[in-house]
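Asker: Provide a 3D model corresponding to the input given below.
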Amino acid sequence: MKKILSVVILTILFLAFLFTAVTLGMWSDDYIVLIKEDGLYAEHCSFSKNREVRIAAGDSFERPEVSPSGKYTAVVENDVLAIYHMEKRQLVYQYDKSLNYYNWDPKKDILYTSCQDGTLVSLDFEKKMVAVRTITGGDNTIYSNIIPTGETLYYNKSLLMDGENTPGGIWSFHMQTNQEKLLIPAQKRGMYPILSGVSKKGEYLFLFQCGSQGGQNTDGVEMQVYDVENQRIKQYEKPLVTLPYNQNLALNSEDNLIAINSGENRHMNFHKTVGTFLIEDGTFRPLIPENMVSMTPDISGQKVIFSAGKVQEDWKEFGKNGALQIYQASVNKRELKQLTNHTDSIQLNPVYLDKGRKIAYIRAYEDRWELWVMNGSGNQQRLAARNLKKLDSFYGSYYFYEIMDIHR
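Answerer: Have a look, this model is predicted:
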């Protein structure tokens, strides 16, 4: 009898261990956080069986961002910053002061957020109790585009004077010394820098040099690279022009190479070319022919994926069914391959998962949006999620960060 009881106990312990390992692994692996029409979801995409988990019900979610461990998602819910525990599917924290901007540390579950009272705050979820720290700030100060890297925060800082936002350039803040430093000031002639990204190793800042007039920015701006060690903007022979959207820039694990969707004019149906950009010398190498246009690149090693189609004279034709498909280009071999051929939808926002072994993308039908997944070669295409929250188009562009984020 004791032997049987011991076997039963060992079996229960083993099953409990196995369940814990699978559960923890599920949230540390690659997955997508999606906002659907009825709530906040996590999609664990596989080729055999998709696992969909509804984290919370509701129709007022926007801008999800997953923590580096995959345990938490920050999202705006009813105009309040809400943090959900993914495994428990529970709301664990609300911060009603924060509506301006927020971003996770790349390695720790620490959320940095700018607040309505002009302060920059960190919310530390690494501890048993959420630790709130006011880092810096003051009255009428606005922080945006916050990007943590190591012990340094980079951000845009501006002042709100008489109801108007006065840009103050790109700043850094060292967490150990509490020293704030102006890196790239706004220019007197009305130009000001907008921080877009930081290279994986923290060697470079990527920024858009924007103008005070809205029309200047929507029709294209210069993308620039700031050398952190040498404290200067790199000078290239030929400036690279792009629309000032973060989704036009894809950073690689190799710090010297990025993918970027270049081009000018707010309409997406012409003058848009995806290519690779060498930070060292500013060389831009197109990945598509001149009779094509592209958008939303993602990069994994030496592969770049993006949405693309033929140049259209009328921008309204650009959004018709079948006009945009998913393409993949090899950086080294200069090969271009069409991966999808759906004629009843347009294909948008492809992203790499599982180190390039999977690709997820959006199929936008006239009446609905769906998430689809395929392998890294374009095979085994299948439906992963229905009823995504639809976005409005801005001259053919979509702000996909409003409805999805990827943990990878």
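
Asker: all helices of the protein, in order?
Answerer: Taking DSSP state H to define them, one finds helices in the chain at 2-28, 214-218.

Asker: ranking the ones you listed by mean pLDDT, which is last?
Answerer: Note on the helices of the chain: lowest mean pLDDT is at helix 2-28, with a mean of 50.

Asker: burial count for residue 278?
Answerer: Neighbouring residues of residue 278 were enumerated by other C-beta atoms under 10 Å; the total is 13. Yep, even glycine has a C-beta here, placed from its N, CA and C like the rest.

Asker: bridging residues for it?
Answerer: Under the criterion DSSP bridges, residue 278 forms beta bridges with residue 257.

Asker: Can you pull out the low-pLDDT segments for the stretch 1-150 of the chain?
Answerer: Counting by pLDDT under 70, the stretch 1-150 of the chain shows low-confidence ranges at 1-26, 47-50, 98-99.

Asker: Strands along that one, start to end?
Answerer: Remark: strands of the stretch 1-150 of the chain, listed N- to C-terminal, are 31-36, 39-44, 51-57, 61-66, 72-77, 80-85, 90-95, 101-104, 110-114, 119-124, 131-137, 141-149; assignment by DSSP state E, counting those that start in this stretch.

Asker: Including distance to residue 246 and mean neighbour count, could those strands go into TSV?
Answerer: Converted to TSV, these look like this (distance: least, C-beta to C-beta, whole Å; neighbours: other C-beta atoms under 10 Å):
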stretch	distance to residue 246	mean neighbour count
strand 31-36	17	24
strand 39-44	22	21
strand 51-57	24	15
strand 61-66	12	21
strand 72-77	17	23
strand 80-85	20	20
strand 90-95	23	14
strand 101-104	11	20
strand 110-114	17	24
strand 119-124	20	20
strand 131-137	23	14
strand 141-149	9	21
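
Asker: Skipping its backbone neighbours, what lies nearest residue 237 in space?
Answerer: residue 282 (6.5 Å; C-beta to C-beta, 6 or more residues apart in numbering).

Asker: for residue 346, same thing?
Answerer: If the residues on either side of it in the chain are set aside, residue 346 comes closest to residue 324, at 4.4 Å by C-beta to C-beta, 6+ apart.

Asker: just so I know, which of the strands of the stretch 1-150 of the chain lies nearest residue 335?
Answerer: With C-beta to C-beta as the criterion, residue 335 lies closest to strand 31-36 of these, at 27.2 Å.

Asker: can you list contacts of that closest one?
Answerer: 40-45, 55, 61-62, 64, 66, 70, 73, 75, 351, 353, 360, 371, 385-389, 402-407 (C-beta atoms under 8 Å, 6 or more residues apart in numbering).

Asker: so how far is that strand from its chain's centroid?
Answerer: 12 Å (C-alpha atoms, centre = their mean, to the nearest Å).

Asker: i'd like the first residue to be 24 from this point on
Answerer: Shifting the count to begin at 24 puts that one at strand 54-59.

Asker: got the CA positions of it in PDB?
Answerer: These are the backbone C-alpha positions of strand 54-59, laid out as PDB (Å, rounded to 0.1, in the frame of the first residue of the first chain):
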ATOM      1  CA  TYR A  54       3.800  35.200 -28.700                       C
ATOM      2  CA  ILE A  55       1.700  38.100 -29.900                       C
ATOM      3  CA  VAL A  56      -0.500  40.300 -27.700                       C
ATOM      4  CA  LEU A  57      -3.600  41.400 -29.800                       C
ATOM      5  CA  ILE A  58      -6.500  43.600 -29.200                       C
ATOM      6  CA  LYS A  59      -9.600  42.100 -30.700                       C
END
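
Asker: got the angle for it vs strand 103-108?
Answerer: Strand 54-59 and strand 103-108 are oriented at 140 degrees to each other (axes from the mean of the first three to the mean of the last three C-alpha atoms, to 10 degrees).

Asker: Strand 54-59 relative to strand 74-80, how many degrees between them?
Answerer: When the same axes, to 10 degrees is applied, the directions of strand 54-59 and strand 74-80 differ by 50 degrees.

Asker: So for stretch 347-360, what gets flagged as buried?
Answerer: By 16 or more other C-beta atoms under 10 Å, the buried positions in stretch 347-360 come out as 347-352, 354.

Asker: tell me how far the ends of it are from each other?
Answerer: This stretch, stretch 347-360, spans 14 Å end to end (C-alpha to C-alpha, to the nearest Å).
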